[in-house]
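> one predicted model, sequence on top.
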Amino acid sequence: MEIIRADYSGFCFGVKKAISITEEQIEKKKREGGKGNIYTLGPLIHNASVIEELEEKGVKTIDDYTIPQPGDTLIIRSHGEPKSFYDAMEGRGVELIDTTCPFVSKIHELVGKAFQNNKEIIIVGDKDHQEVIATNGWADNKAIILGTIEEAEAFGNQEMAQGQEKNYYLVCQTTIRKELLEEILLKLKEKGILPEVENTICNATTQRQDACRELAKKMDAMVIIGGKNSSNTRKLFEIANKYCNNTFFAENNSDLPLKEMSKYYKIGVAAGASTPESVIKEVIASMSDTINETKLNEETMESFMDEIDASLKLPRSGEIVDGKVFQVTDKEVIVDLGCKKDGILPVEEVTLEEGESLTSVFHPGDEIRAKVIKTDGDEGSIRLSKKKLEVGQHWDEICEAHDDKSIINVKVVRAVNGGVIAAYKEVTGFIPMSQLSNRYVEDADEFIGENFDVRVIRVDPKRNRAVFSHKVVLNDEKQKHIEGIWENLNVDDVVEGTVMRFTNYGAFVDIGGIDGLLHISEISWGKLRHPQEVLNIGDKIAVKILSMNQEKGKISLGLKQITPEPWTIINDKYQVGETIKGKVVQIKEYGAFVELEPGLDGLVHISEVAHKRVNDINDELKPGQEVEAKILDIDVERKRISLSIKACVEPTEEELKAAAAEKEEAEVVEASEEVVKEASEVSEATEEVKKDHDDDVDDDKVEEAIEEIAEASEEAVEEAPTAEAAEEIAAQVIEEAPTEE
């Protein structure tokens, strides 16, 4: 049994600082005679045992900042507080000790500055976590908080519906998983939201999570130590559980399922940022003591070696013994083994050359070495075999396989406590339950009678003991298979894959042993709400490799790239004047967008919807409605298609009359506007006359003439029955207008 601790486990810099400063305040109060109380606003860290120790030293945890009185000390925890808190504490006479983590303080500074510059703040994190609450306070509690992919999608849909471009500024909680940040940024990008991003995940958090992830991949079981309310500890549990099926959460030593864990061969340990070193060591020590006490694997191997013959005075089956020949017959050799039973060496267990017999080879008093193959009860004899001595070379082979890490083939013969017994030729070894497969095994009986390859992970030929692992072989084969797949894949290759599972942001496709991500934006040239609109689990599809990162084990795939981008072949498929059928996909005030095919939309302007005047396009068309339209124009350079629905239908008599009336009305309005314009010009000319002949012109008469012109113009506009009439009246008014003469 092996226990391995992950790097970067235990107190982070911010927590260490908070604890250290608090201890200093406790000592300071002692030196000053204990005047005034020490409070922490909320739990200093998410660890119950640490909080209890601080309370015993006089540090009280409160939730109301108005409780401390002048002379008291209030400690601000590493998660920080909103700006409003600092404003409220000014002048209260309470000593503030700020232990806010420097990384968190930096986020507050960034958010405060961005908010003052009128940027929309987005915080990726848990809305109920104190760090997020505090950070939001530096944005006047107006930040958008996104803690899940679903929340990001809902926010994106809302912003798309509003259609307003905003200046977003995004930060994140220091302890979130970097995968969550990446997924949310990807979702926002899908919705057309491209914020200015500050990746404020603490470097120590990233290191802690990476170390936990790498350790979990190699372990049979993982133990995550930390407070149940600790956000970063919960995230460590999520990561470990993703890569190791046997993951346990322990706040302290009492939470350990020691009996359950004792069956695992390798156990990894990781701890949250709020977990004291003493707790980590106590948990590891408890596991070690229990394991040493039970010695599961060793005890199991001892039991299977001793289970056939419980007598300590007799040699066990499989043991090599020395003795003297007591009597020889044609069928057997009787051997004195120096114990209460004699050994019997049958003729069939001796290799004889042609013409040889037992009596010619063995004589009374000869020293002989043989192997025990059977013990016939307390009163019987011990059956021996010379042939079985040849298995010594089998032990040599096992030792050699152990040294050079080569593979041998074994057969599972029976199940025992904690695993199975497997035979290599005449040698038996133990396979622990955890080493039977690279998946969880509940019942070892399913392997009885099977032959498979194993690696020798421990051997002791003097004691006839060997431990095998089938899991190591399976993992090696899987790794070689995966490496072979990587070697044969290249960017831009088109490969066949199987759709395995869906997420809101895409589908995972198995391309021969490796899962690649087919992002929703790469499935179709058109817009999709969910991959299930065009794909089903189990579908066999051809996909193109867009990018590869073997180090991270990530492959990005594309499905739409298998077919040409619609705009590149539009002239081969569509012509101006052609009638098409499509589906209304989006409605705007100025018209409706109709999808000709995925990735190819055309605009039906509101004036091209019907032969009548359309005031509200929603009265005529609905999203998803199938329509028939004529192509009016194709602008390849600007990627625009103009469509007309009304061009595909004959107008009714009422629509023709209404259209004529509207046309006449428009012409009247246009002529009327012209009348007003020219009348205005006459008025301006009259004003010029007044200026040029200031002494000779009667001001009152000029003003009266101007008013008469204006009134005449307005009456002409109102009374004109047609556009032609309006023009005639306008000409008459202008002709009768006064001139300089």
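All right, it came through fine.

> please, which helix or strand holds the residue nearest the centre of the chain?
In the chain, the residue lying closest to the centroid (CA atoms, centre = their mean) is residue 179, at 4.5 Å. Assessed by DSSP states H and E, residue 179 sits inside helix 178-190.

> buried stuff in that helix?
Residues of helix 178-190 classed as buried by neighbour count (16 or more other CB atoms under 10 Å): 180-181, 183-188, 190. Yep, even glycine has a C-beta here, placed from its N, CA and C like the rest.

> the strands in the stretch 301-450 of the chain, which residues?
320-328, 332-336, 342-346, 367-375, 382-385, 407-416, 419-424, 427-432 (DSSP state E, counting those that start in this stretch).

> what's the closest of those strands to residue 512?
strand 407-416 (23.8 Å; CB to CB).

> residues near residue 597, how many?
Number of residues near residue 597 (other CB atoms under 10 Å) recorded here: 16.

> between the strands of the stretch 301-450 of the chain, which one is closest to residue 7.
strand 427-432 (26.7 Å).

> packing partners for whatever helix or strand comes next after that closest one?
Of the helices and strands lying after strand 427-432 in sequence (DSSP H and E), the nearest is strand 451-460. Under the contact definition 3 or more CB pairs under 8 Å, 6 or more residues apart in numbering; DSSP states H and E, strand 451-460 sits against helix 391-404, strand 407-416, strand 427-432, strand 465-469, helix 470-487.

> redo the ones you listed as TSV? Include mean neighbour count.
Shown next, in TSV, are these (neighbours: other CB atoms under 10 Å):
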stretch	mean neighbour count
helix 391-404	15
strand 407-416	17
strand 427-432	24
strand 465-469	24
helix 470-487	15
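
> CSV for those, including distance to residue 581?
Shown next, in CSV, are those (distance: least, CB to CB, whole Å):
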stretch, distance to residue 581
helix 391-404, 70
strand 407-416, 63
strand 427-432, 66
strand 465-469, 64
helix 470-487, 44
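
> tabulate the ones you listed in JSON lines, adding columns for mean pLDDT and distance to residue 381.
Formatted as JSON lines, those follow (pLDDT from 0 to 100; distance: least, CB to CB, whole Å):
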{"stretch": "helix 391-404", "mean pLDDT": "84", "distance to residue 381": "21"}
{"stretch": "strand 407-416", "mean pLDDT": "93", "distance to residue 381": "25"}
{"stretch": "strand 427-432", "mean pLDDT": "90", "distance to residue 381": "23"}
{"stretch": "strand 465-469", "mean pLDDT": "92", "distance to residue 381": "26"}
{"stretch": "helix 470-487", "mean pLDDT": "86", "distance to residue 381": "38"}
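
> which one of the ones you listed lies closest to residue 628?
helix 470-487 (48.7 Å).

> angle of that closest one against strand 451-460?
120 degrees (axes from the mean of the first three to the mean of the last three CA atoms, to 10 degrees).

> and helix 470-487 with strand 465-469, angle?
Per the same axes, to 10 degrees, the angle that helix 470-487 makes with strand 465-469 is 30 degrees.

> show me what helix 470-487 is packed against.
So helix 470-487, by 3+ CB pairs under 8 Å, 6+ apart, packs with strand 451-460.

> so how far is the strand it packs on off the chain centroid?
Centroid separation for strand 451-460 versus its chain: 37 Å, with CA atoms, centre = their mean, to the nearest Å.

> and it, which strands flank it?
strand 407-416 (antiparallel), strand 465-469 (antiparallel) (DSSP bridges).

> which among these is found nearest to residue 497?
strand 407-416 (30.9 Å).

> distance between the closest one and the chain's centre?
Centroid separation for strand 407-416 versus its chain: 39 Å, with CA atoms, centre = their mean.

> quick one, it and strand 427-432 angle?
Using the same axes, to 10 degrees: strand 407-416 against strand 427-432 is 70 degrees.

> what sits up against strand 407-416?
300, 303-304, 307, 397-398, 401, 420-424, 428-431, 444-445, 447-456, 468, 473 (CB atoms under 8 Å, 6 or more residues apart in numbering).

> filter the residues you listed down to the buried ones.
By neighbour count, with 16+ other CB under 10 Å, these hold 300, 304, 397-398, 401, 420-422, 424, 428-431, 444, 447, 452, 454-456, 468, 473 as buried.

> residue 102: which of the strands paired with strand 451-460 is closest?
strand 465-469 (46.5 Å).

> that older thread, adding distance to residue 528, write the strands paired with strand 451-460 out as CSV.
As requested, these are exported to CSV (distance: least, CB to CB, whole Å):
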stretch, distance to residue 528
strand 407-416, 47
strand 465-469, 46
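
> what ranges does the stretch 151-300 of the chain have for its helices?
Listed in chain order, the helices of the stretch 151-300 of the chain (DSSP state H, counting those that start in this stretch) span 178-190, 203-216, 231-243, 258-261, 277-294, 296-306.

> out of these, which gets nearest to residue 11?
Comparison of the helices of the stretch 151-300 of the chain against residue 11 by CB to CB identifies helix 277-294 as nearest, at 7.0 Å.

> quick one: mean pLDDT for that closest one?
Average pLDDT, helix 277-294: 72.

> any regions of the stretch 51-200 of the chain where pLDDT drops low?
In the prediction, the stretch 51-200 of the chain carries no residues with pLDDT under 70.

> wait, residue 444 touches residue 421, no?
No: using CB atoms under 8 Å, residue 444 is not in contact with residue 421, being 10.0 Å away.

> skipping its backbone neighbours, what lies nearest residue 166 in space?
Leaving aside its sequence neighbours, residue 166 sits nearest to residue 120 (CB to CB, 6 or more residues apart in numbering; 4.8 Å).

> what's stretch 589-597 in contact with?
Here stretch 589-597 has contacts from 525-526, 566, 574, 580, 582-587, 601-606, 608-609, 617, 621, 627, 629, 641, 643, using CB under 8 Å, 6+ apart.

> same thing with stretch 99-106?
Against stretch 99-106 from outside (CB under 8 Å, 6+ apart): 13-14, 17-18, 21-22, 44, 75-81, 108, 131, 134-135, 174, 200, 202.

> next: stretch 53-65.
With contact meaning CB under 8 Å, 6+ apart, stretch 53-65 is reached by 22, 26, 29, 34, 37-44, 51, 68, 74-75, 85, 88-89.

> same question for stretch 107-121.
So stretch 107-121 is contacted by 80, 83, 100, 123, 134-136, 138-140, 142-144, 166-171, 174, 196, 198, 200 (CB under 8 Å, 6+ apart).

> the same query, at a cut-off of 6 Å, please.
Residues from elsewhere that reach stretch 107-121 (CB atoms under 6 Å, 6 or more residues apart in numbering): 135, 138-139, 143, 166-169, 171, 198, 200.
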